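S.K.: Here is the input, now give the coordinates:
(one chain, ligands or ions: 1)
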Amino acid sequence: MFAHIPPYAGDPILSLNEAFQKDPREGKVNLSIGIYFDEDGKIPALASVRAAEKLVVEKAAARPYLPMEGAANFRSAVQNLLFGADHPAVRAGRIATIQGVGSSGGLKVAADFLHAHFPTSKVFLSNPTWDNHRAVFEGSGIETTTYPYYKDGALDFDGMLEVLDKAPARSVVLLHACCHNPTGVDLNRGQWQRLAQLLNERELLPFLDLAYQGYGDGLDEDLFAVKTLLDAGGPFLLANSFSKNMSLYGERGGALSVVCPDAAQADKVLGQLKFMIRRNYSNPPTHGGQVVATVLNTPELYAQWKDEVAAMRTRILAMRSALHEVLSTKVPGRNFDYFLSQRGMFSYTGLSPEQVDALKNEHAVYLVRSGRMCVAGLNRRNVEVVAGAMAAVLR
Ligand SMILES: Cc1[nH+]cc(COP(=O)(O)O)c(/C=N/[C@@H](CC(=O)O)C(=O)O)c1O
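M.R.: Next comes the predicted model:
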């Protein structure tokens, strides 16, 4: 009956992470998957999140099905975090927000929604982008294409605008709100403002993916793209994740918001999102969402969380500097400044797939084959090893 089913080639990121877990070699280093590891190489349980979880468990609330759109306290907390409780768009009910299953779930629900209601629209993805973006949209039957994003180690902003300026009206433009995956290269504030103007002029539909809020310049600072689009007044979609900034990967905390021209349209959009959810997974899980909502809705826990995110961000910056320093010594004459200029969890090393293979096979250092390095996997104990391995494959 299933003889015709082809084998799954595996996901370039998740399969690599699985291979790392099975690798028996001592001293192996995981710089592949976008996960924050602490100085001991462990995935931290944040104190603010642990405290929130204790409060959730102590409530011992019943666990009925959540509404299709998720828990009300989660949805309002997300709107307060991303848009501000006092923003006129929030007060006017112009934003439809659903609790998803990670931001991946939000992306999938949005993809089904766009396929149903924007049937002729293509989705423009940055080149390069997160490996799973194309699969999510094409899995919903949407044709994808790309806009230039990265050239010679920097943002190709002119190339990006040139392509988007010719995109048909109502095309969807997927943008990384901060900490671009895989390049670590972001638009500056002036470029976001210029882009927002073009998107509105060309009647394009922006779709922000905010997976690393807090890892760029800060939880509030990393909302600049969101605020810019909000101030520009046009519609846009926004998928956000609590996997990385709450270190809650497996709890699948995430949301999808759609900013609409008025409350009546927001209500209709919310209804169609609920329909897409019902026919995908029916409703989201309770526990992780309530932990997230408790952190966001409890002022002292929110303040503690903000400090913990700052500490994770600061440690990554320290690792960027440490690797830059050691590599510059080991490989004089080669420019590694990209480790200092790129932001968030990732750096785009420019290593070839063959060099990445050599890092893994000969040195047990795992990067994604695109040359992407998750800098959050570095620590004081392994930074020399990684630099030595990179120097070896660069010779
Ligand atoms: C840009 C982006 N968007 C969404 C996600 C999914 O997040 P979540 O909320 O957990 O569903 C990830 C995960 N990226 C890392 C892990 C993965 O590939 O799934 C990564 O790039 O390594 C992203 O990098």
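S.K.: Would you mind giving the domain segments of this structure?
M.R.: The record's domain split for the chain, according to automatic domain parsing, is 14-45+302-394, 65-297.
S.K.: Just give the nearest non-adjacent residue to the residue nearest the centre of the chain, would you?
M.R.: Central residue of the chain (Cα atoms, centre = their mean): residue 211, 2.3 Å from the mean position. Once flanking residues are discounted, residue 211 sits nearest to residue 241: 4.4 Å by Cβ to Cβ, 6 or more residues apart in numbering. All C-beta atoms are positioned from the backbone trio N, CA, C, and that covers glycine.
S.K.: What is the neighbour count of the one you found?
M.R.: 25 (other Cβ atoms under 10 Å).
S.K.: ok so, going back, out of the domains of the chain, the one nearest residue 59 is which?
M.R.: Evaluated with Cβ to Cβ, the domains of the chain place domain 65-297 nearest to residue 59, the distance being 8.3 Å.
S.K.: Distance across the closest one, terminal residue to terminal residue?
M.R.: One end of domain 65-297 sits 22 Å from the other (Cα to Cα, to the nearest Å).
S.K.: Begin at 840, not 1, for the rest of this chat.
M.R.: With the count now opening at 840, the last piece we talked about shows up as domain 904-1136.
S.K.: need the strands for the chain, in chain order.
M.R.: Along the chain, counting by DSSP state E, strands occupy 868-869, 934-938, 962-966, 983-987, 989-990, 993-994, 1011-1015, 1044-1049, 1075-1080, 1093-1098, 1185-1187, 1204-1205, 1211-1213.
S.K.: Let me know whether the residue nearest to residue 1050 touches residue 1092 as I believe.
M.R.: Yes: between residue 1080 and residue 1092 there is a contact under Cβ atoms under 8 Å: 7.1 Å.
S.K.: what's the overlap in contacts for the two?
M.R.: Residues touching both residue 1080 and residue 1092 by Cβ atoms under 8 Å, 6 or more residues apart in numbering: residue 941.
S.K.: For the stretch 940-1089 of the chain, which residues are neighbours of the ligand?
M.R.: Residues of the stretch 940-1089 of the chain that fall close to the ligand, judged by Cβ under 6 Å from any ligand atom: 941, 942, 943, 969, 971, 1015, 1020, 1048, 1050, 1080, 1082, 1088.
S.K.: Taking the residues you listed together, which two end up most distant?
M.R.: Maximum pairwise distance among these (Cβ to Cβ): 18.6 Å, between 1015 and 1088.
S.K.: out of the domains of the chain, which comes closest to residue 840?
M.R.: Closest among the domains of the chain, once you apply Cβ to Cβ, is domain 904-1136, at 23.1 Å.
S.K.: quick one: that closest one to chain centroid distance?
M.R.: What separates the centre of domain 904-1136 from the centre of its chain is 10 Å, taken as Cα atoms, centre = their mean, to the nearest Å.
S.K.: Repeat that for stretch 857-875.
M.R.: The answer for stretch 857-875 is 20 Å, by Cα atoms, centre = their mean.
S.K.: Check stretch 1196-1205 too.
M.R.: For stretch 1196-1205, the separation from the chain centroid amounts to 26 Å (computed by Cα atoms, centre = their mean).
S.K.: List the buried residues of that stretch.
M.R.: 1197, 1198, 1199, 1202, 1203, 1204, 1205 (16 or more other Cβ atoms under 10 Å).
S.K.: Which parts of the stretch 890-1039 of the chain are helices?
M.R.: Here the stretch 890-1039 of the chain has its helices, by DSSP state H, counting those that start in this stretch, at 911-922, 927-930, 941-956, 970-978, 996-1003, 1028-1040.
S.K.: and these as JSON lines, adding mean pLDDT, distance to residue 857 and mean neighbour count?
M.R.: Shown next, in JSON lines, are the helices of the stretch 890-1039 of the chain (pLDDT from 0 to 100; distance: least, Cβ to Cβ, whole Å; neighbours: other Cβ atoms under 10 Å):
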{"stretch": "helix 911-922", "mean pLDDT": "98", "distance to residue 857": "30", "mean neighbour count": "21"}
{"stretch": "helix 927-930", "mean pLDDT": "97", "distance to residue 857": "41", "mean neighbour count": "14"}
{"stretch": "helix 941-956", "mean pLDDT": "98", "distance to residue 857": "17", "mean neighbour count": "22"}
{"stretch": "helix 970-978", "mean pLDDT": "97", "distance to residue 857": "15", "mean neighbour count": "18"}
{"stretch": "helix 996-1003", "mean pLDDT": "98", "distance to residue 857": "34", "mean neighbour count": "16"}
{"stretch": "helix 1028-1040", "mean pLDDT": "98", "distance to residue 857": "36", "mean neighbour count": "16"}
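S.K.: Out of those helices, flag the one nearest residue 1063.
M.R.: helix 1028-1040 (5.9 Å).
S.K.: For that closest one, name the packing helices and strands.
M.R.: Applying 3 or more Cβ pairs under 8 Å, 6 or more residues apart in numbering; DSSP states H and E, we find helix 1028-1040 packed against helix 996-1003, helix 1063-1071.
S.K.: which outside residues touch that helix?
M.R.: Outside helix 1028-1040, the residues that reach it (Cβ under 8 Å, 6+ apart) are 994, 996, 999-1000, 1003-1004, 1012, 1014, 1026, 1043, 1045, 1063-1064, 1067-1068, 1070-1073.
S.K.: Those, buried ones only, as a PyMOL selection?
M.R.: Applying 16+ other Cβ under 10 Å to the contacts of helix 1028-1040, the buried members can be selected in PyMOL as follows:
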select buried, resi 994+996+999+1000+1003+1012+1014+1026+1043+1045+1063+1064+1067+1068+1071+1073
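S.K.: that older thread, columns mean pLDDT and distance to residue 913 on top of the strands of the chain, output as JSON lines?
M.R.: Formatted as JSON lines, the strands of the chain follow (pLDDT from 0 to 100; distance: least, Cβ to Cβ, whole Å):
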{"stretch": "strand 868-869", "mean pLDDT": "98", "distance to residue 913": "31"}
{"stretch": "strand 934-938", "mean pLDDT": "98", "distance to residue 913": "5"}
{"stretch": "strand 962-966", "mean pLDDT": "98", "distance to residue 913": "27"}
{"stretch": "strand 983-987", "mean pLDDT": "98", "distance to residue 913": "30"}
{"stretch": "strand 989-990", "mean pLDDT": "96", "distance to residue 913": "35"}
{"stretch": "strand 993-994", "mean pLDDT": "96", "distance to residue 913": "34"}
{"stretch": "strand 1011-1015", "mean pLDDT": "98", "distance to residue 913": "23"}
{"stretch": "strand 1044-1049", "mean pLDDT": "98", "distance to residue 913": "16"}
{"stretch": "strand 1075-1080", "mean pLDDT": "98", "distance to residue 913": "12"}
{"stretch": "strand 1093-1098", "mean pLDDT": "98", "distance to residue 913": "7"}
{"stretch": "strand 1185-1187", "mean pLDDT": "96", "distance to residue 913": "28"}
{"stretch": "strand 1204-1205", "mean pLDDT": "98", "distance to residue 913": "34"}
{"stretch": "strand 1211-1213", "mean pLDDT": "98", "distance to residue 913": "28"}
